[in-house]
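Colleague: Here is a sequence together with a model predicted from it:
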Amino acid sequence: MLRRAVPIVLSLAVCGLMPITANADLPVEEAVLTDAPNVPPAIHRSRPAKVIVHLEVREVVKNIADGVQYTFWTFGGSVPGKFIRVREGDTVEFHLANHPENKLPHNIDLHAVTGPGGGAASSFTAPGHESQFTFQAINAGLYVYHCATAPVGMHVANGMYGLIYVQPKDGLPEVDREYYVMQGDFYTQGAYGEKGLQPFSMQKAIDERPTYVVFNGAVGSLVGDKAIKGNVGESVRLFVGNGGPNLVSSFHVIGEIFDNVYTEGGTDANQHNVQTTLVPAGGSAIVEYKLEVPGTYILVDHSILRTFNKGSLGMMKVEGPDNKAIYSGKEVDSSYLSELGDLEKKAAKDSEAPKAVAAKAPVTKDELMTAGKKVYASSCLMCHQANGEGLPAVFPPLAKSDYLAKLSGANDRSALVSIPAKGLSGKISVNKADYNAVMPAVSGLSDSDLAAVLTYVTNSWGNSARPFSVDEVKKAKDALAQAKK
Ligand SMILES: [Cu+2]
């Protein structure tokens with residue numbers, strides 16, 4: 001039966017006519033779709049199939065950063081959209097639904113499609129409707145898909161992109177772990193960190209001045225217990241995409257070297273021993289590396305201000321035995337890893353809970369410590385870490401920091417208030433190690449939040465100082481404002 005069916009399919013394909021019925025003999029399967037950072041399992045079929053994809057567009061409000069909400073337009077409920085995996089030669093029957101409660105029409109342009117508009121013309125779908133089209137995935141590779149409904153820039157800027165991987169006929173070498181990481185730039189009317197529901201800013205988007213540059217749709221989406229994980233001895237493959245709409249990503253993993261890079265998501269591992277790979281807007285890359293040394297590896301866009309000031313920071317946590325021959329640095333403290341996890345889970349829960357009555361401002365040292373711990377978990381922990389230990393060469397420690405001790409013991413402590421309030425940059429020395437980085441001003445903190453978090457950091461992890469009052473914070477801020485004039 002197969003022998004007869006194949007020539008028919010081929011001859012129709014050659015004529016450019018391929019009615020779906022010609023593929024009636026193909027086995028039919030429903031695609032497995034996953035949310036980032038997960039990737040659908042490798043396909044082990046040795047023959048083409050007809051793969052059915054059901055994808056639903058949803059307009060949803062979610063956090064883009066702690067306390068900052070944004071109306072995302074999504075393929076499947078999250079940014080980036082669902083990861084789709086098919087095999088080279090598969091016939092894909094694509095169903096695009098537009099949720100009835102959505103406000104706008106949407107469509108989809110898959111870069112894996114050969115044909116005008118990549119499916120866009122066939123998939124324009126009003127809210128409450130579904131459209132269907134079929135294509136053959138004739139080229140292997142890692143492709144971006146995105147919405148192409150006018151204004152296209154706005155639909156993409158609101159998160160309408162994802163990845164479809166057309167696995168080559170012969171598959172890829174097996175690895176222990178595969179993950180999905182996709183960068184995007186976002187444009188809000190408020191400044192970075194400004195709380196509340198933030199509207200889209202078309203002007204900032206046109207000017208290419210993003211407020212946020214993030215992996216997987218939000219600041220901190222790959223941090224703490226949401227970090228991707230691995231063990232020493234394992235091999236890792238990252239499917240990296242860039243939805244843009246504007247920026248090109250200089251994708252880098254601090255502390256790793258990519259053994260193989262499939263440049264721009266093509267089919268060959270054409271590059272080896274690469275530090276940073278470019279991921280174009282509307283493009284992709286596949287990178288592979290082996291995990292040799294335990295620790296926390298930081299995923300960044302190496303246009304580094306974006307990482308420390310706009311959010312493009314993710315983490316991969318690697319556990320396992322030390323390997324002093326390769327790296328003799330500090331051992332990881334696995335108890336810290338689990339504690340970081342718990343603390344962040346708690347922080348996530350706190351931020352989900354509806355803020356019923358505004359809590360009474362903390363006054364006593366105990367109240368300041370409790371409130372300060374929360375502020376720390378949501379505003380400082382992602383850089384200075386769970387126990388204030390920092391990250392060598394990247395974020396200075398707060399625990400037993402001589403720099404902090406000097407400022408917190410001073411009579412006038414406005415220089416310390418200034419650090420979270422105004423940010424800190426330039427060369428500093430903490431416990432004999434030099435740092436020359438940028439700490440952005442921590443926005444969205446009230447005077448009482450500042451008093452609490454400063455009391456907390458100066459009285460935790462072996463530190464000790466007089467508590468901060470709201471009054472001291474206010475006076476310090478006034479003094480700073482005066483000094484500026
Ligand atoms: Cu759209």
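Modeller: Sure thing, it's come through.
Colleague: Show me the strands in the stretch 1-150 of the chain, by range?
Modeller: All strands of the stretch 1-150 of the chain, identified by DSSP state E, counting those that start in this stretch, fall at 28-30, 50-65, 68-75, 84-87, 91-98, 109-110, 130-136, 141-146.
Colleague: Go ahead and measure how far the last one is from the middle of the chain.
Modeller: In terms of CA atoms, centre = their mean, to the nearest Å, the centre of strand 141-146 is found 17 Å from the chain centre.
Colleague: returning to what we had before: so which of the strands of the stretch 1-150 of the chain gets nearest residue 190?
Modeller: Residue 190 sits nearest to strand 68-75 of all the strands of the stretch 1-150 of the chain, at 7.7 Å, using CB to CB. Quick note: C-beta positions are derived from backbone N, CA and C, even for glycine.
Colleague: what packs against the closest one?
Modeller: strand 50-65, strand 196-197 (3 or more CB pairs under 8 Å, 6 or more residues apart in numbering; DSSP states H and E).
Colleague: Mind listing what's buried along the first one?
Modeller: Right, the one you point to is strand 50-65. Residues of strand 50-65 classed as buried by neighbour count (16 or more other CB atoms under 10 Å): 50-60, 62-65.
Colleague: repeat for stretch 412-430
Modeller: 413, 414, 416, 417, 418, 419, 420, 421, 422, 424, 430.
Colleague: Closest to the ion out of those?
Modeller: Using CB to the ion, residue 420 is the member of the buried residues of stretch 412-430 that lies nearest the ion, at 38.3 Å.
Colleague: Contacts only, for that closest one.
Modeller: Going by CB atoms under 8 Å, 6 or more residues apart in numbering, residue 420 touches 379, 380, 441, 442, 445, 450, 453, 454.
Colleague: Next: residue 228.
Modeller: Per CB under 8 Å, 6+ apart, neighbours of residue 228: 37, 177, 179, 181, 222, 314, 315, 316, 317.
Colleague: Okay, and the beta partners of it?
Modeller: residue 316 (DSSP bridges).
Colleague: Next: residue 164.
Modeller: Residues in beta-bridge contact with residue 164 (DSSP bridges): residue 84, residue 143.
Colleague: Looking at the buried residues of stretch 412-430, which are in helices?
Modeller: 414, 416, 417, 418, 419, 420, 421, 422 (DSSP state H).
Colleague: that older thread, can I get the helices and strands packed on strand 68-75 in a markdown table including mean pLDDT?
Modeller: Converted to a markdown table, the helices and strands packed on strand 68-75 look like this (pLDDT from 0 to 100):
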| stretch | mean pLDDT |
| --- | --- |
| strand 50-65 | 97 |
| strand 196-197 | 93 |
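Colleague: In a markdown table, list the ones you listed along with distance to the ion.
Modeller: Output for the helices and strands packed on strand 68-75, formatted as a markdown table (distance: least, CB to the ion, whole Å):
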| stretch | distance to the ion |
| --- | --- |
| strand 50-65 | 7 |
| strand 196-197 | 20 |
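Colleague: So which of those is nearest residue 142?
Modeller: Closest to residue 142 of those is strand 50-65 (CB to CB; 16.2 Å).
Colleague: chain center to the closest one, what's the gap?
Modeller: The answer for strand 50-65 is 16 Å, by CA atoms, centre = their mean.
Colleague: Next: stretch 32-46.
Modeller: The mean C-alpha position of stretch 32-46 is separated from the chain mean by 19 Å, CA atoms, centre = their mean.
Colleague: next one: stretch 72-90
Modeller: Chain-centre distance of stretch 72-90: 16 Å, with CA atoms, centre = their mean.
Colleague: Repeat that for stretch 420-440.
Modeller: The mean C-alpha position of stretch 420-440 is separated from the chain mean by 25 Å, CA atoms, centre = their mean.
Colleague: Dump that stretch to PDB, restricted to CA.
Modeller: Taking Å, rounded to 0.1, in the frame of the first residue of the first chain, the C-alpha atoms of stretch 420-440 are listed here in PDB:
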ATOM      1  CA  PRO A 420      19.100  51.200  46.400                       C
ATOM      2  CA  ALA A 421      17.500  54.600  45.900                       C
ATOM      3  CA  LYS A 422      19.800  55.900  43.200                       C
ATOM      4  CA  GLY A 423      21.900  52.900  42.200                       C
ATOM      5  CA  LEU A 424      25.600  52.400  42.300                       C
ATOM      6  CA  SER A 425      28.200  52.200  39.600                       C
ATOM      7  CA  GLY A 426      32.000  52.500  39.200                       C
ATOM      8  CA  LYS A 427      34.800  50.700  40.800                       C
ATOM      9  CA  ILE A 428      34.300  49.600  44.400                       C
ATOM     10  CA  SER A 429      36.200  47.100  46.600                       C
ATOM     11  CA  VAL A 430      34.300  44.700  48.800                       C
ATOM     12  CA  ASN A 431      36.300  42.400  51.100                       C
ATOM     13  CA  LYS A 432      39.400  42.900  49.000                       C
ATOM     14  CA  ALA A 433      37.700  42.000  45.700                       C
ATOM     15  CA  ASP A 434      37.200  44.600  43.100                       C
ATOM     16  CA  TYR A 435      33.800  45.200  41.400                       C
ATOM     17  CA  ASN A 436      33.200  47.500  38.500                       C
ATOM     18  CA  ALA A 437      29.600  47.000  37.600                       C
ATOM     19  CA  VAL A 438      26.300  48.800  37.600                       C
ATOM     20  CA  MET A 439      23.600  48.400  40.100                       C
ATOM     21  CA  PRO A 440      20.500  50.100  38.800                       C
END
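Colleague: between the contacts of residue 228, which is nearest residue 150?
Modeller: residue 181 (28.8 Å).
Colleague: and that closest one, that's in a helix?
Modeller: No. Under DSSP: H, G, I helix; E, B strand; the rest coil, residue 181 sits outside any helix and is assigned strand.
Colleague: I'd guessed it sits against residue 237; true?
Modeller: No. Between residue 181 and residue 237 there is no contact under CB atoms under 8 Å: 10.9 Å.
Colleague: shaky segments in this structure?
Modeller: By pLDDT under 70, the weakly predicted segments of the chain are 1-24, 329-359, 485.
Colleague: quick one: residue 410 from the ion, how far?
Modeller: Residue 410 is 54 Å from the ion, where distance means CB to the ion, to the nearest Å.
Colleague: Neighbours of that residue, how many?
Modeller: Here the number of neighbours of residue 410 (other CB atoms under 10 Å) works out to 12.
Colleague: now it: how far from residue 140?
Modeller: 63 Å (CB to CB, to the nearest Å).
Colleague: Repeat that for residue 173.
Modeller: In terms of CB to CB, residue 173 sits 14 Å off from residue 140.
Colleague: And these two? Which one has more around it.
Modeller: residue 140 (22 against 10).
Colleague: residues contacting the more buried one?
Modeller: Residue 140 neighbours (CB under 8 Å, 6+ apart): 88, 166, 167, 168, 169, 267.
Colleague: What separation do you get for the nearest residue to the first one once chain neighbours are set aside and residue 99?
Modeller: It refers to residue 88. Nearest residue to residue 88, sequence neighbours excluded (CB to CB, 6 or more residues apart in numbering): residue 140, at 4.2 Å. Distance, residue 140 to residue 99, by CB to CB: 32 Å.
Colleague: again, but for residue 385
Modeller: Distance, residue 385 to residue 99, by CB to CB: 40 Å.
Colleague: ok, so of the contacts of residue 420, who is nearest residue 474?
Modeller: For those, the nearest to residue 474 is residue 450 (9.3 Å; CB to CB).
Colleague: ok so the closest one is a helix residue?
Modeller: Yes. According to three-state DSSP, residue 450 belongs to a helix.
Colleague: show me what contacts it?
Modeller: Per CB under 8 Å, 6+ apart, neighbours of residue 450: 417, 420, 421, 468, 473.
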